[in-house]
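> Test case, fold it:
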Amino acid sequence: MATRPPRITSTRRQPTTRAPRAVDWSRVTRGPSWRSGFGVAPRPAKPAVPAPANTAAVPQYSLSNLPPDASYDDQIALLQRQRDEGIAGIVGERSRTLTDYGFQEGPNGAITFDANNPFSKASIMKKTYDTNRRSTAQSLGAGGQLYSGSFQNAQDLVNRNQLQSEDALLSNVQAFLTRNTGQQKAAGTNYELAAGQAYADRVGRFQSNPLYDPATAESTPATKAALGPTKATAAVGRPQKTMHGQRFYQRASDKKWIPF
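Residues are numbered from 1 along each chain as shown. You can find the predicted model right below:
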């Protein structure tokens, strides 16, 4: 008698029965028609992760482009103020001295007598000699020698003394103006020397400036030495060729062709 296979009449899941696979209905899509059946939607693509931004410092400062230096700026401002105040004082002294002597300075340094300044040294000197000349004429005229040779000799002596005094006064004025001009030039020269020394001090300490980054200052001698030889230097004595308008040289270490 043939053996029948066992018939399962219980709805309870047997231990040997595999659990049904759960269906993710959120991924189930219907085809263009009923006959196409059901399909599984593809997993959405993961969003592309943006590449990290290049945060390398851009070369900004070098010997040709020094970083800001507050100490240098303050020193230059002080030197400029000292120069301007010094020159202003020298120019003021020039004007006061010319007024005191009774002269005016015209174009190209020409010196002329200022007749509108009655209390200047030149005006008082002229007034003194004019008075002396009249007094001599009155004295000789009273003695009956108005048309004698003595009168003319006395007048010539007064005139000669006046010319001699005026020449000495004018020489003093010209000597002062020469010194004054030299002082103005010296003030400008001293400023230039001091400013040049201040700039040299700035260059000497710019590598310790917090705004200076030695890794980005490619133009400094120390950084150039650390970076090694340039391509133009490395290509000296090496085979070279040109392809598609681009020049190449053969590197000595691995024989690779490196573009210039």
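
> Skip the chain neighbours and tell me the closest residue to Ala252.
Spatially, and ignoring its direct neighbours in sequence, Ala252 is nearest to Arg238 (6.4 Å; C-beta to C-beta, 6 or more residues apart in numbering). In this view, the C-beta of every residue, glycine as well, is placed from N, C-alpha and C.

> That neighbour - how many residues pack around it?
14 (other C-beta atoms under 10 Å).

> contacting residues for it?
Tyr249, Gln250, Arg251, Ala252 (C-beta atoms under 8 Å, 6 or more residues apart in numbering).

> Mind picking the two most distant members of these?
Farthest-apart pair in the contacts of Arg238 is Tyr249 and Ala252; separation 9.5 Å (C-beta to C-beta).

> Gln246 touches Ile258, doesn't it?
No: assessed by C-beta atoms under 8 Å, Gln246 is found out of contact with Ile258, at 10.8 Å.

> Looking at these two, which has the bigger crowd around it?
With neighbours defined as other C-beta under 10 Å, Gln246 and Ile258 compare such that Ile258 has more, 14 against 10.

> Give me the below-cutoff pLDDT ranges for the stretch 1-150 of the chain.
The stretch 1-150 of the chain contains residues with pLDDT under 70 at 1-61.

> List the buried residues in the one helix or strand Gly86 maps to.
Assigned by DSSP states H and E, Gly86 falls within helix 70-101. Residues of helix 70-101 classed as buried by neighbour count (16 or more other C-beta atoms under 10 Å): Tyr72, Gln75, Ile76, Leu79, Arg83, Gly86, Ile87, Ile90, Arg94, Leu98, Tyr101.

> Can you name the next helix or strand after it?
strand 103-105.

> Packing partners of that next one?
helix 70-101, strand 111-113, helix 149-205 (3 or more C-beta pairs under 8 Å, 6 or more residues apart in numbering; DSSP states H and E).

> Output these in a markdown table; the columns should cover distance to Gly141.
A markdown table is the format used below for the helices and strands packed on strand 103-105 (distance: least, C-beta to C-beta, whole Å):
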| stretch | distance to Gly141 |
| --- | --- |
| helix 70-101 | 34 |
| strand 111-113 | 30 |
| helix 149-205 | 8 |
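
> is it true that Ala109 touches Leu177?
Residue 109: Gly, not Ala. Yes: when contacts are counted by C-beta under 8 Å, Gly109 is listed as touching Leu177 (7.2 Å).

> any idea of the angle the helix holding Gly86 forms with helix 149-205?
180 degrees (axes from the mean of the first three to the mean of the last three C-alpha atoms, to 10 degrees).
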